[in-house]
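**Q** need a structure here:
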Amino acid sequence: REKSSNLLGVLQERISRTVRAGFTFWWGRWGTPMPFNAKCTLVLGDPIETVPGTMGEGRAGNGAITCRKIKDPTDAQVDELLARYIDALKRLFDQYKADAGCADKELE
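**A** Residues are numbered from 1 along each chain as shown. Next comes the predicted model:
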């Protein structure tokens, strides 16, 4: 196994072996635990209809539209919902990727 060559690595290894658990040092801005600044882009899209005919079946306490729960969904229903979800994510990504600095990226 490879030995740590820096002081922090040696200290980390010693503490981990003493407490018999993995121990990781991490640091951010100014050598503190404060994280580095990172740009984060959040995009919210329109809700997807879960299964045809189930949206708008009721209202939650906060007035939000809910959908009827399907007790035992079929594999086909689950696959259809997954496909709708992935399609919605791809459309959102393609619509806003330039704003997030990813104009040349494609989702796989």
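**Q** need the strands for this protein, in chain order.
**A** 55-59, 65-67 (DSSP state E).
**Q** so where's the protein uncertain?
**A** For the chain, the stretches with pLDDT under 70 are 1-5, 49-68.
**Q** which residue is nearest the centroid of it?
**A** Among the residues of the chain, the one closest to the centroid is residue 42, at 10.9 Å (Cα atoms, centre = their mean).
**Q** Contacts only, for it.
**A** With contact set as Cβ atoms under 8 Å, 6 or more residues apart in numbering, residue 42 has no partners. Where you see a C-beta, it was placed from the backbone N, CA and C, and this is true even at glycine.
**Q** Residue 48 versus that one, what's the distance?
**A** Using Cβ to Cβ, to the nearest Å, one obtains 18 Å as the distance from residue 42 to residue 48.
**Q** Could you do residue 37 as well?
**A** Relative to residue 48, residue 37 is positioned 33 Å away (Cβ to Cβ).
**Q** and what of residue 41?
**A** Plainly put, residue 41 is 21 Å away from residue 48 if you go by Cβ to Cβ.
**Q** re the thing from before, what about residue 37 and residue 48, which has more around it?
**A** Neighbour tally, residue 37 and residue 48, criterion other Cβ atoms under 10 Å: the higher count belongs to residue 48, 12 against 8.
**Q** Flag every buried residue along the longest helix seen in the chain.
**A** Longest helix of the chain, by residue count under DSSP state H: helix 75-96. Applying a neighbour-count criterion of 16 or more other Cβ atoms under 10 Å, one finds 81, 93 buried in helix 75-96.
**Q** Ok, stretch 9-27 next?
**A** When neighbours are counted by 16+ other Cβ under 10 Å, the buried residues of stretch 9-27 are found to be residue 12.
**Q** All the helices of this protein, residue numbers only.
**A** Taking DSSP H as the criterion, the chain contains helices spanning 7-19, 75-96.
**Q** Include distance to residue 106 when you put the ones you listed into TSV, please.
**A** Formatted as TSV, the helices of the chain follow (distance: least, Cβ to Cβ, whole Å):
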stretch	distance to residue 106
helix 7-19	38
helix 75-96	8
